[in-house]
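Trainee: Here's a sequence, model it:
(one chain, ligands or ions: 1)
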Amino acid sequence: MLKVGITGGIGSGKSTVARMFTLLGVPVYNADDAAKSLMNTDPGIKAALVAEFGPQTYTAAGLNRVFLAETVFGNAAALTMLNSIVHPAVVAHAVQWMAQQQGPYALKEAALMFESGSQADLDVVIGVYAPESLRIARAMNRDGASRETVVSRLSKQLDESIKMKLCDLVIANTDRELVIPQVLYIHQLLLQKADAAKSPAAG
Ligand code: ATP
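Mentor: Below you'll find the model as predicted:
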């Protein structure tokens, strides 16, 4: 089975595009959702977070997101520490998930694909591209967030033009291109690639 990644910056529309692949029957792993879930369920992550940030990290109801967000906000060292605890666990969890999937190919959606090094476990990476102004507008609209908040989150990600150069295939999710035909084209391409990988002697 072909292992495919899908990435893009804040507001690029990677979740929206990933949902289109779901509609085509492709299994999709969402690294953000997995990180949120693992922070509440993985004993190793929980112990490491408590050791690093203190017992307030969890309440009886689970992860204390407000406390954790306030702790790492504007504190680069704390954010790096949080990522170094959570990212490797998500990368390992995604590898396990991939190994359990059936079908020609499965998708892993992650904002921080190259930043976390998880492209190393994938055969193909798709980039979802949109210009920065549109990404900011989309994220502000979706989250009800200020421009400053979105720009600050965006500035912590790898530069979009570098990210897209590292991708094998790019989907333009701008307000000028039709997205569904690009998704259908890539779906066919990946089916062919998966088929060729199954029987390399045939071609
Ligand atoms: P993040 O990394 O911040 O989670 P994302 O890349 O997953 O973002 P989405 O959540 O898919 O992005 O999209 C951001 C917002 O833009 C959503 O509200 C979504 O509905 C909207 N959006 C995405 N693509 C399009 C499009 N082609 N046309 C109109 N709206 C779009």
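
Trainee: State the phi and psi torsions of the residue sitting nearest the centre point of the chain.
Mentor: The chain has A110 as the residue nearest its centroid, 0.9 Å off, counting by Cα atoms, centre = their mean. Per-residue torsions, A110: phi -150, psi 140 (degrees, to the nearest 10).

Trainee: and it, what does it touch?
Mentor: G5, I6, T7, A31, D32, A94, S116, S118 (Cβ atoms under 8 Å, 6 or more residues apart in numbering). No exception for glycine: its C-beta is placed from N, CA and C like everyone else's.

Trainee: one more time with 10 Å
Mentor: A110 makes contact with 5-8, 14, 29-32, 34-35, 87, 90-91, 94, 116, 118-119, 122, 125 under the criterion Cβ atoms under 10 Å, 6 or more residues apart in numbering.

Trainee: again, but for D159
Mentor: D159 sits in contact with G9, K165, where contact means Cβ under 10 Å, 6+ apart.

Trainee: Show the model's pLDDT score for it.
Mentor: pLDDT recorded at D159 is 89.

Trainee: what about the biggest helix by length in the chain, distance to the chain center?
Mentor: The residue-count maximum for a helix in the chain (DSSP state H) belongs to helix 76-100. In this view, helix 76-100 has its centroid 11 Å away from the chain centroid, taken as Cα atoms, centre = their mean, to the nearest Å.

Trainee: for it, packing partners?
Mentor: strand 2-7, strand 28-30, helix 31-41, helix 43-53, helix 65-72, strand 105-109 (3 or more Cβ pairs under 10 Å, 6 or more residues apart in numbering; DSSP states H and E).

Trainee: in the shortest one, what's buried?
Mentor: This means strand 28-30. Within strand 28-30, the residues scored as buried using 16 or more other Cβ atoms under 10 Å are V28, Y29, N30.

Trainee: ok, back up a step: next, the angle strand 2-7 makes with the longest helix of the chain.
Mentor: 150 degrees (axes from the mean of the first three to the mean of the last three Cα atoms, to 10 degrees).

Trainee: average pLDDT across helix 76-100?
Mentor: 93.

Trainee: by how many degrees do it and helix 31-41 diverge?
Mentor: 100 degrees.

Trainee: Just the pLDDT for the residue nearest to the centre of the chain.
Mentor: On the pLDDT scale, A110 is placed at 93.

Trainee: before we move on, what about E70?
Mentor: The predicted local confidence for E70 is 93.

Trainee: Next: L49.
Mentor: L49 is given a pLDDT of 97.

Trainee: give me the number of residues near it?
Mentor: 21 (other Cβ atoms under 10 Å).
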